[in-house]
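>>> I need the structure of the sequence given here:
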Amino acid sequence: MASAPIEGGFVAAAEVMAEVVGAEAAPATDVAAAAAPAAGPMRWNNNTSGFVLRRMAQLLSDGTRPNKVFKDKDVNLVAKCLKDYSGNAVSPTQVYNHLRKWRQKWSRICKLKDLSSAIWDSDVNAIMLDGEHYLGHCKDHPKDAYFLNCPIRFYSKMDAIFGHSMATGRYALGSGEALEVNQADSAAAKVEGSAFHHVPKEKTDTEVGEGSKATEQLHSTVGGKRKRGNFTKDEMLLLTNMSDAVNNVANTLRETGAAHVDPDLYLAVMAMQGFTTEALIVAYIYLLENKAIAIDFVKMAISHRDIWLRNYLAKNYYM
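Coordinates of the predicted model:
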């Protein structure tokens, strides 16, 4: 659009600015629309989940986060890296929500490690139960089978990310707590001996004259000493005998479970070539729980064992 020159051959400044703004506004809108595609539903798998957990664990390894608290910029960075890695559009909110799901898994793992009959195998990161307890527990809690008697996937990464903020047993944090809350204010910090630095506002609005039974009970529970019960000699003897009986039953169950294991099974599995140690451990634990298959596996030729292992591990995402 031509502008009429005024005296001296100059064009009015207002008209020049209008032309410049009009010329640049349209392409800028197109670039913004092309640069920010909407992130659709994200389909997570072991590959993308492992990428996010590894990146988050790496952010903690530099030692710059004494409280191991993630900020928004950390989640944004991981979301960008995941997009570059997988080629899928993923938003920081999707990464954040996915981390919350893994935190729920970690909370469940902490509770399972506290089971009275559980044995923690640090070599393969597995929560081990004997056959009877395993079957009984999985019957009542089928979803827990994913975490029992097999190596826990991404355990070390979850421990690096969430392990600082959760204690086990009755101090375990709920899965509804936000990831980026400073965990120095949490129950886990109290277990470690740290003091609270933040008090919710609604808790400070109570007038001094009103008092609080909940506060009184908390102080009496935490600060007071537990009174010892007075037992007679007969009662002490009874308790001792009961403890011995329980220990004998537990030892008998362990010995009975081990007696039915084929002595050649371990070498038959672990001597196979072309598989990782972790994958062979997974197959070995499965065979321990399925004795009929284990007996046939030992009798197989090596080539047939190789075929069986590849099929089983492929179905369980270890190939």
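>>> state the pLDDT value of the closest residue to Gly163 other than its chain neighbours.
Nearest residue to Gly163 in three dimensions, chain neighbours excluded: Trp106, at 7.7 Å (C-beta to C-beta, 6 or more residues apart in numbering). Glycine gets a C-beta too; all of them are placed from N, C-alpha and C. The score at Trp106 is 91. That number is its pLDDT.
>>> same deal with Ser86?
For Ser86, the predicted pLDDT is 82.
>>> count of neighbours near the residue nearest to Gly163?
In terms of burial, Trp106 registers 24 neighbours under the definition other C-beta atoms under 10 Å.
>>> okay, and it sits in which element?
Secondary-structure element containing Trp106, defined by DSSP states H and E: helix 92-113.
>>> Ile127 now?
With elements taken from DSSP H and E, the one containing Ile127 is strand 126-128.
>>> and the next helix or strand past that strand?
Later in the chain than strand 126-128, the nearest helix or strand by DSSP H and E is helix 131-140.
>>> buried sites along that following helix?
For helix 131-140, the neighbour count (16 or more other C-beta atoms under 10 Å) marks 133-134, 137-138 as buried.
>>> and the strand holding Ile127, what other elements does it pack with?
Counting contacts by 3 or more C-beta pairs under 8 Å, 6 or more residues apart in numbering; DSSP states H and E, strand 126-128 is packed against helix 92-113, strand 119-121.
>>> please identify the most buried of those.
When neighbours are counted by mean count of other C-beta atoms under 10 Å, the highest per-stretch mean among the helices and strands packed on strand 126-128 falls to helix 92-113, a mean of 18.
>>> what's the angle from it to helix 131-140?
Regarding helix 92-113 and helix 131-140, their directions subtend 140 degrees when assessed with axes from the mean of the first three to the mean of the last three C-alpha atoms, to 10 degrees.
>>> show me what helix 92-113 is packed up against.
Counting contacts by 3+ C-beta pairs under 8 Å, 6+ apart, the secondary-structure elements packed against helix 92-113 are helix 46-61, helix 72-86, strand 126-128, helix 155-162.
>>> contacting residues around Ile293?
Residues touching Ile293, when contacts are defined by C-beta atoms under 8 Å, 6 or more residues apart in numbering, comprise 286-287.
>>> just the element for it, please.
Taking DSSP H and E as the definition, Ile293 sits inside helix 291-299.
>>> quick check: next helix or strand after that helix?
The element immediately downstream of helix 291-299 (helix or strand, assigned by DSSP H and E) is helix 302-315.
>>> name the residues of that next one that are buried.
Using 16+ other C-beta under 10 Å as the test for burial, helix 302-315 gives 305, 308-310, 312-313.
>>> who are the packing partners of that helix?
Helices and strands in packing contact with helix 302-315 are listed as helix 277-289; criterion 3+ C-beta pairs under 8 Å, 6+ apart.
>>> quick one: residues in contact with the helix it packs on.
The list of residues contacting helix 277-289 from outside it, by C-beta under 8 Å, 6+ apart, reads 124, 126, 131, 134, 149-151, 261, 265-266, 269-270, 272, 275, 293-294, 297, 309, 312-313, 316, 318-319.
>>> among the residues you listed, name the buried ones.
Buried residues within those, counting neighbours by 16+ other C-beta under 10 Å: 124, 126, 134, 149-151, 265, 269, 272, 275, 294, 297, 309, 312-313, 318.
>>> which secondary element of this structure has the worst mean pLDDT?
Least confident helix or strand, the chain: helix 187-192 with a mean of 36, by mean pLDDT, DSSP states H and E.
>>> once you drop chain neighbours, what's closest to Asp264?
Counting by C-beta to C-beta, 6+ apart, the nearest residue to Asp264 once its immediate chain neighbours are dropped is Val298, at 5.2 Å.
>>> tell me how far that neighbour lies from Leu265.
The span separating Val298 from Leu265 equals 6 Å under the rule C-beta to C-beta, to the nearest Å.
>>> picking that back up, now, which of the buried ones among the contacts of helix 277-289 sits nearest Lys73?
Of all the buried ones among the contacts of helix 277-289, Lys73 sits closest to Pro151, with 33.1 Å by C-beta to C-beta.
>>> what does the closest one show for phi and psi?
Reported as degrees, to the nearest 10, the phi and psi values for Pro151 are phi -60, psi 130.
>>> thank you kindly, that will do.
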